[in-house]
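Visitor: Next comes the sequence, and after it the predicted model I'd like to discuss.
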Amino acid sequence: MAVNGASTVPTLRSYAGKIVTIERFILDQQQSYPDATGALTSILYDICLAAKIIASKTTRAGLADILGSAGKENVQGETVQKLDEYADQIIFKLNDHTGRLAVMASEEHEGIIPIPAHFPVGPYVLLYDPLDGSSNIDVNVSIGTIFAIYRRKTVEGRGTLEDCLQKGGDIVAAGYVIYGSSTMLVYSTGQGVHGFTLDPTIGEFFLSHPNIRIPDKPKFYSVNQGYEQFWSEGVKRYTEWLQGKDKTAKPLSLRYIGSLVADFHRNLLTGGVYYYPADSKDPDQSTGKLRLVYECAPMAFLAEQAGGAASTGTERILDLQPSALHQRVPIFVGNTGLVEKAQEFIKELD
Ligand code: P6P
């Protein structure tokens, strides 16, 4: 609400040097939307709480009761780690009864996750990868939670698959939690990308990285070079360009953790490109390994909000109309110049 004509929505500059919790920041951002009901704010609060609860487990993942797989396989045919299951359940149980969501979907579930019949539905849709990179849990490598929030498309009743298969360009909010040397929550509601670091001693996320912008000068390229023989000619030549082999650009360093959230987060802060191209080694990955709906689209939203870009190598990720919940697509995400260069090589050589 404007007072004497001046906006009362704090500017990012006004946070300088102040102690700002994520709750305060989210609430301040809501002021930019006079018609806001507070539902989206509350969903973000719930994601924050889920992050704190999951973080409390990941820091103890080495203990017997958590370590190791739950002995089951998820829809991807991947062994479900106990922590995957736990994270999935935490996010579901924090959101199933609030009356803010019409439907959910998760990497860990083959179909959509309906809101239980005895709970009310609401105007939003939550899609999430509860613990991406979970194969790294037992070796203590950073892992992460990825989420995307949309408005529902259907107008009444319980949410449907149609509500979950929306273009990334219609994302209302998206972000990730990285459980690393510190736990950080990075998100955007379309007003820039902001990072918050958890102080575990008091259980609060504090604004630590306001208005993250991908640095103009990239430092790293991130790809699993072990699969190079299975790439297209364009991707092979792009990789050689990144390595400076054609002497037209300085070589970038290779940094690949094998955990999307960790690789993406580092490149967001340092500049670089992460890519997981289509490869011919595995029929399931003939269109790439990463899932469009709850991995590529949210990361593409964040990258663009931070001044970067995200493409399949031929199309803007946020323009893609998903056809299936666990649909995989190739992804090149990071500095705009590096993503565009990938498109040039692919267009010319593939
Ligand atoms: P690869 C983790 O399983 C994941 O989905 C991403 O987090 C990660 O970037 C990628 O797969 C690693 O895949 O084939 O290099 O082990």
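Guide: Structure's in. What do you need? Numbering: from 1, shown residues only.

Visitor: all helices for the stretch 1-150 of the chain, in order.
Guide: Ranges of helices within the stretch 1-150 of the chain are 22-30, 39-58, 82-95, based on DSSP state H, counting those that start in this stretch.

Visitor: and the angle for the longest one with helix 22-30?
Guide: Using axes from the mean of the first three to the mean of the last three C-alpha atoms, to 10 degrees, the interaxial angle of helix 39-58 with respect to helix 22-30 works out to 160 degrees.

Visitor: what comes up buried for helix 39-58?
Guide: Buried residues in helix 39-58, counted by 16 or more other C-beta atoms under 10 Å: 40-48, 50-55, 57-58. In short, each C-beta sits where N, CA and C put it, glycine included.

Visitor: Residue 196: neighbour count?
Guide: When neighbours are counted by other C-beta atoms under 10 Å, residue 196 registers 27.

Visitor: mind listing what it touches?
Guide: Contacts for residue 196 (C-beta atoms under 8 Å, 6 or more residues apart in numbering) come out as 22, 25, 184, 185, 186, 205, 206, 207, 208, 209.

Visitor: same thing but 7 Å
Guide: Counting by C-beta atoms under 7 Å, 6 or more residues apart in numbering, residue 196 makes contact with 22, 184, 185, 205, 206, 207, 208.

Visitor: Which of the three states applies to the last one?
Guide: Just to be clear, that refers to residue 208. Recorded secondary structure, residue 208: strand (DSSP: H, G, I helix; E, B strand; the rest coil).

Visitor: thinking it is in contact with residue 195, fair?
Guide: Yes. Residue 208 lies in contact with residue 195 (C-beta atoms under 7 Å); the separation is 5.7 Å.

Visitor: So the two - more neighbours on which side?
Guide: Neighbour tally, residue 208 and residue 195, criterion other C-beta under 10 Å: the higher count belongs to residue 195, 21 against 16.

Visitor: Distance of residue 192 relative to the ligand?
Guide: 25 Å (C-beta to the nearest ligand atom, to the nearest Å).

Visitor: looking at it, that residue is touching residue 211, isn't it?
Guide: Yes. Assessed by C-beta under 7 Å, residue 192 is found in contact with residue 211 at 4.7 Å.

Visitor: Name the SS class of the nearest residue to residue 22 once chain neighbours are set aside, please.
Guide: Leaving aside its chain neighbours, residue 22 sits nearest to residue 205 (4.0 Å; criterion: C-beta to C-beta, 6 or more residues apart in numbering). Three-state assignment for residue 205 (three-state DSSP): strand.

Visitor: so what's residue 205 up against?
Guide: So residue 205 contacts 21, 22, 48, 185, 196, 197, 198 (C-beta under 7 Å, 6+ apart).

Visitor: Please report the distance of residue 328 from residue 52.
Guide: Distance, residue 328 to residue 52, by C-beta to C-beta, to the nearest Å: 31 Å.

Visitor: three-state assignment of residue 246?
Guide: Assigned by three-state DSSP, the conformation of residue 246 is coil.

Visitor: burial count for it?
Guide: For residue 246, the count of nearby residues is 9 (other C-beta under 10 Å).

Visitor: What sits closest to it if chain neighbours are left out?
Guide: That would be residue 240: by C-beta to C-beta, 6+ apart, it lies 6.5 Å from residue 246.

Visitor: was I right about the one you found contacting residue 248?
Guide: No. Counting by C-beta under 7 Å, residue 240 does not reach residue 248; the two are 10.7 Å apart.

Visitor: Comparing these two, which residue is more hemmed in?
Guide: Taking other C-beta under 10 Å, residue 240 and residue 248 do not tie; residue 240 has more neighbours (14 against 7).

Visitor: what mean pLDDT does the strand or helix carrying the more buried one have?
Guide: Element membership for residue 240, per DSSP states H and E: helix 233-242. Mean pLDDT, computed over helix 233-242, is 97.

Visitor: Could you pull out the buried residues of that helix?
Guide: The neighbour-count check on helix 233-242 (16+ other C-beta under 10 Å) flags 234, 235, 236, 237, 238, 239, 241, 242 as buried.

Visitor: So which residues on the stretch 251-350 of the chain come close to the ligand?
Guide: The stretch 251-350 of the chain comes close to the ligand at residues 258, 259, 260, 263, 289, 290, as judged by C-beta under 6 Å from any ligand atom.

Visitor: Tell me who's in contact with the third one.
Guide: Residues near residue 260 by C-beta under 7 Å, 6+ apart: 132, 133, 290, 295.

Visitor: Can you name the residues that contact the second one?
Guide: Contacts were defined as C-beta under 7 Å, 6+ apart; by that measure residue 133 touches 143, 144, 258, 259, 260, 261, 262.
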